[in-house]
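> Got a predicted structure plus its sequence, pasted below:
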Amino acid sequence: MYDQTGLPPVLEVEGLCVGADLPEGMKPILQDVSFSLRPREILSVIGESGAGKTVLARTLASWLADPLKVTGGSAKFRGTDLIKDPAAARKLAGREIAYVGGNPAGALDPTMTVGAQLVEKLRAVRPEIPAAEAKQKAIELLDAVRIPSAAQRFHEYPFQYSGGMMQRAMIVDALISDPALLIADNITQPLDVTVAAQILKLMRDLTGRFDTAVLFICSSLPVACDASDEVLVLNKGRVVERQVPERLISAPQHTYTAQLIRELPKLWDGTEAAPAEERGEPRPIMSVRGVAKHYTAKNRAQGGTNVVQAVRNVEFDVFQGDNFGLVGESGCGKSSLMRLLTGLERPDAGTILFEGEDIGSARPARIRELRRKFQLVLQDPYGSLPPQKSIGAILEEPLKIHRIGDRRERRERARSVMSEVGLSETLYEELPNGLSAGQRQRLNVARAMTLEPRLLIMDETLSALDQTEQHKMLDLFERLQAQHGFTYIFISHDLAMVRRVCSRIAVMYLGETVEVAPNDRLFFDPGHPYSRALLSAAPTLEERRYRPEDCLLEGEPPSPIDLPPGCAFASRCPQAFDRCRSENPGLTARGGRALAACFLNPRRGEETAQTTPETTHA
Amino acid sequence: MFILRFLLRRLAQGALIIFLVSALIFTLLRVVPGDPVRLMAGGMAPEALIEEIATDMGLRDPIPVQFTRYMSGVVQGDLGQSFVRPANGAAVGGASFDDSTRSARAEVWDLIADTAPKTIQLACLAMVFALMIAIPIGVWGGLHPGGWPDRIALYTSSVFVSLPNFWLGIILALLLSVKLKLLPAIGYGGFAWTILPALVLAIEIAPFIIRSLTVSVAQIMGQNFIEIAGVRGLSRSQIIFRHGAKNAAVPLLNLLGVQFSMLLGGVLVVEFIFDYPGLGLLTINAVMQRDFPLIQGIAIVTAAAFVLINIVVDLLSTLIDPRLEY
């Protein structure tokens, strides 16, 4: 076995079996899992959903709930068998064996300050530490995970922390008792790529400093390989392979691993041509010009209201029959923009032309008519379908709303779209609660299709699905596009998906489109430093064209409430200079139908004969 | 700063509510049938005399004029004088319109100030009893949703809620006072007289508290931060008492505010059964005697109490859960 430190192992798992005790009998979840872990070692556990990764993490953290039961094997932590001696295991939990989960949002009591809870936890597991010392330690660690002005943040409540900051706070919570083993269960999953990259780097630094061994549970192979010394591949509850990352990728021993690597989407693969732009018919179906939207929020501290600038200076064209991508991290205004594009809300400024008609100023009745031609498919496969309606009724509802056809025609239409999206017609009378996530998204697409729209807006439609299901859905979209001539707008944070399907891509940062470019141009010659930062942080096994350390400074995006005067990215941009801090660059053409909002691009005012006009606002 | 602004805003809102309540009560009292002067002067008094008294008292003026006169007194702290009750305490009525022994009529404020403390005492004791019954049953039920403690909570509250309070009052009086001679039942002669009515009231409101507690405790205990607290190393009692109870307290506090306001507003039936000299009994008599100023005074004081209790509840909720904004 790969020995990194020569120290005796902290954790030795031997032949561990866990099963679900169901009425129909014991269903095995983990079978004969064995591995060992030494101090300062980071071991990734990777596998698809359902492989038993989280069950493994919870078994080791003494957090198995009914009906899960350990059916065999041992897990020795420094000689103590966690399975045989549950009382000792519970004593170790939180003290020597720390756990960080993937959902930082609800992980702390909302009614107590973060600091008070860190102190409470430390004193719960190590009562001998006085309160003042505990507080000092918490502040030191908050500082170590780079929470700005840690001493003040110590006194803030969980709801005042952003998602990335909460995850850092949870890492502090885990490390505060100086544990020997840290179980990190999907800790980067809910985070944006640039923040996740920062967290991973941090975890490595900290484990080196505190001699902690880390079990890093992860569902993304590139992230796992980036983060760890060794990778353990779990398939259907069994360990199929354990290797160092380089060897795992270059010489996978198990067919499952090989398949996993093969299916991984690539960002800079030249062999498969990127979707080309539709040059034959450059007629925009939707044109967005200078769109802005702000919301007002109550200010608790000083009274009065704050203006949140959710969307500003958004400009792009979507061409007929094209796939347009809109990427950006959470909080960049993607969803606010979606609400504007679909006429759910009206912009404060600018125009949104759909086939030459302004959605932003159209009468409500007209928007309703127009909506037949542009439909929305949402992210959440569970919340977006009414649970008490049969699938047939869900599909017929849009037709009823728009008073199309009689009962028999509507029924036929519903059945035909069901077969088009690959849902069996026998499901017509069923309720949606029996459907899988993938089937639900198919139903969502079918519902959007019944009105025969021209434009489909996909708001993170695929992000709830696993790799295999995503592939199938993308194939379906392609087929539907060929048959019906749909135009798609994909709103997403997944660069690999956008790379595969979109011909033009807009990058958003803090409510602005900072770059609009054809696919190849964005990935090989990005015109905005933020685009480079996104690319540098994207999880991939390929050799990176952009290194994170060159592209991104520490810190989080500024709040959309008090935006800095100049370029919004200036605070995190390694190339920022004085002008960036005082003046907003605005989108500028840089040739080849690409636009970017950065002063570093040479100005090419002569190329304004593009279909996308040059913009002139500060 | 935040608290000051909050209080200012809420007190202003409260003043508006009290004003509206007064206007409503004032108008309604004057449009419903029944002439108070006829009741005061007695059935035998001549019509002309009644008109004279009524004009003297300003009761023949247009309602807005009467209301303005009344409210200008209220803002100076003067709730007016009872139509019926003399200051010396003896209840009068009937043929005493020309009774020379009749002294000045009682101030409404004094009548309320005499009875309100007894009602407050009753309300507080009822609340203490109710919490003593409801907290153990409710929290226990909430910690085991679907289990038998949960069912016990459900059955107890179903039984309590279906006991009519007048029946329960009579049964308890019969049992504890008449048979066992443990507690006094009728009238008021000290703290002991409060216990029996308080017990009846407690059983009446306990089911609501039990229900609210089981639901909110069960909901809080299913939250992510509670589930993960054990993995973080916190002990079971820390999780339940420090985090579970604290989070479950906010909905409970809101319910208690409403219940307490209702208790203060005078619990008519229970005070009547036990002849307990609180606001409830005062209200019943005032209504039966068409004592307009007294009814108005009670309404205003009750509305004010309601407003104040709600402000306190909201303030406490914000202190417990800083995410709340009022």
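Thanks, I have the structure now. Given the structure is predicted, the values throughout are model-derived calculations rather than measurements.

> CA only for contacts and neighbour counts going forward, please
Fine.

> what packs against the host helix or strand of B:Phe306?
Per DSSP states H and E: B:Phe306 is located in helix B:292-320. Helix B:292-320 sits against helix B:2-31, strand B:81-86, helix B:108-143, helix B:245-264, helix B:279-288, with contacts defined as 3 or more CA pairs under 8 Å, 6 or more residues apart in numbering or on different chains; DSSP states H and E.

> Lowest average pLDDT across these?
Across those, the stretch with the lowest average pLDDT is strand B:81-86; it has a mean of 78.

> before we move on, the earlier item: can you give me how far the helix holding B:Phe306 is from the chain middle?
9 Å (CA atoms, centre = their mean, to the nearest Å).

> Go through the helices and strands packed on helix B:292-320 and pick out the most buried.
When the helices and strands packed on helix B:292-320 are scored by mean count of other CA atoms under 10 Å in any protein chain shown, the highest mean neighbour count falls to strand B:81-86 (a mean of 23).

> Enumerate the residues of the stretch 151-300 of chain B near chain A.
B:223-226, B:228, B:230-235, B:243, B:246-247 (CA under 8 Å from any CA of the partner chain).

> Which members of these are positioned in helices?
Counting by DSSP state H, these place B:224-226, B:228, B:230-232, B:246-247 in helices.

> got a pLDDT number for the residue of chain B positioned farthest from its centre?
Distance to the chain centre peaks in chain B at B:Val231, reaching 45.4 Å (criterion: CA atoms, centre = their mean). Looking at B:Val231, its pLDDT stands at 89.

> That one reaches A:Arg95, doesn't it?
No. Contact criterion CA atoms under 8 Å: B:Val231 and A:Arg95 do not qualify, at 9.5 Å.

> what's near enough to touch residue 226?
With no chain named, the answer covers chain A. Contact analysis of A:Asp226 by CA atoms under 8 Å, 6 or more residues apart in numbering or on different chains lists A:Pro245.

> hm, I was asking about chain B
Contacts for B:Ile226 (CA under 8 Å, 6+ apart) come out as A:107, A:109, B:220, B:239, B:243-244.

> Out of the residues you listed, the closest to A:Leu37 would be?
A:Ala107 (26.7 Å; CA to CA).

> interface residues of the stretch 101-250 of chain A facing chain B?
A:106-112, A:121, A:124-125, A:157, A:159, A:173-174.

> how about low-confidence regions in the stretch 151-300 of chain B?
B:266 (pLDDT under 70).

> try chain A
In chain A, residues with pLDDT under 70: A:1-6, A:270-274, A:276-281, A:298-304, A:603-618.

> One more pass at 50, please.
Across chain A, the ranges flagged by pLDDT under 50 are A:1-3, A:605-618.

> got the residues of it near chain B?
By CA under 8 Å from any CA, the residues of chain A that approach chain B are A:61-63, A:90-91, A:93-95, A:98-99, A:106-112, A:121, A:124-125, A:157, A:159, A:173-174, A:300-301, A:303.

> Only the buried subset of those residues, as a PyMOL command please.
Buried members of the residues of chain A next to chain B, defined by 16 or more other CA atoms under 10 Å in any protein chain shown, are picked up in PyMOL with:
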select buried, chain A and resi 61+62+63+90+91+93+94+95+98+99+107+108+109+110+111+112+121+124+125+157+159+173+174
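
> Which of the helices or strands spans A:Val18?
strand A:11-22.

> Give the partner strands of that strand in its sheet and their orientations.
strand A:25-37 (antiparallel), strand A:68-77 (antiparallel) (DSSP bridges).

> and that strand, which residues are buried?
For strand A:11-22, the neighbour count (16+ other CA under 10 Å) marks A:11-14, A:16-21 as buried.

> Run a quick neighbour tally on residue 75.
Picking chain A for this. Look at A:Ala75: counted by other CA atoms under 10 Å in any protein chain shown, it has 24 neighbours.

> Chain B, not that one
Using other CA under 10 Å: B:Val75 sits among 9 other residues.

> Just the pLDDT at it, thanks.
87.

> which phi and psi does it have?
B:Val75 has phi and psi values of phi -70, psi -20 when expressed as degrees, to the nearest 10.

> any idea how far it is from B:Arg69?
For B:Val75, the distance to B:Arg69 (CA to CA, to the nearest Å) stands at 11 Å.

> ok, residues contacting stretch B:149-162?
For stretch B:149-162, the external contacting residues (CA under 8 Å, 6+ apart) are B:137-138, B:140-142, B:144, B:203-208, B:210-211, B:214.

> again, 7 Å this time
Stretch B:149-162 is contacted from outside by B:137-138, B:140-142, B:144, B:203-204, B:207, B:210, using CA atoms under 7 Å, 6 or more residues apart in numbering or on different chains.

> Now A:Gly383: which helix or strand?
With DSSP H and E as the test, A:Gly383 turns up in no helix or strand.

> what's near enough to touch it?
If you count contacts by CA under 7 Å, 6+ apart, then A:Gly383 has nothing around it.

> circling back: take the buried residues of strand A:11-22 and write them to CSV, including distance to A:Asp143.
Shown next, in CSV, are these (distance: CA to CA, whole Å):
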residue, distance to A:Asp143
A:Leu11, 29
A:Glu12, 33
A:Val13, 34
A:Glu14, 38
A:Leu16, 38
A:Cys17, 40
A:Val18, 39
A:Gly19, 41
A:Ala20, 42
A:Asp21, 44
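
> Where does the stretch 51-200 of chain B get nearest to chain A, which residue?
Here the stretch 51-200 of chain B gets closest to chain A at one residue, B:His144, 14.7 Å apart by CA to the nearest CA.
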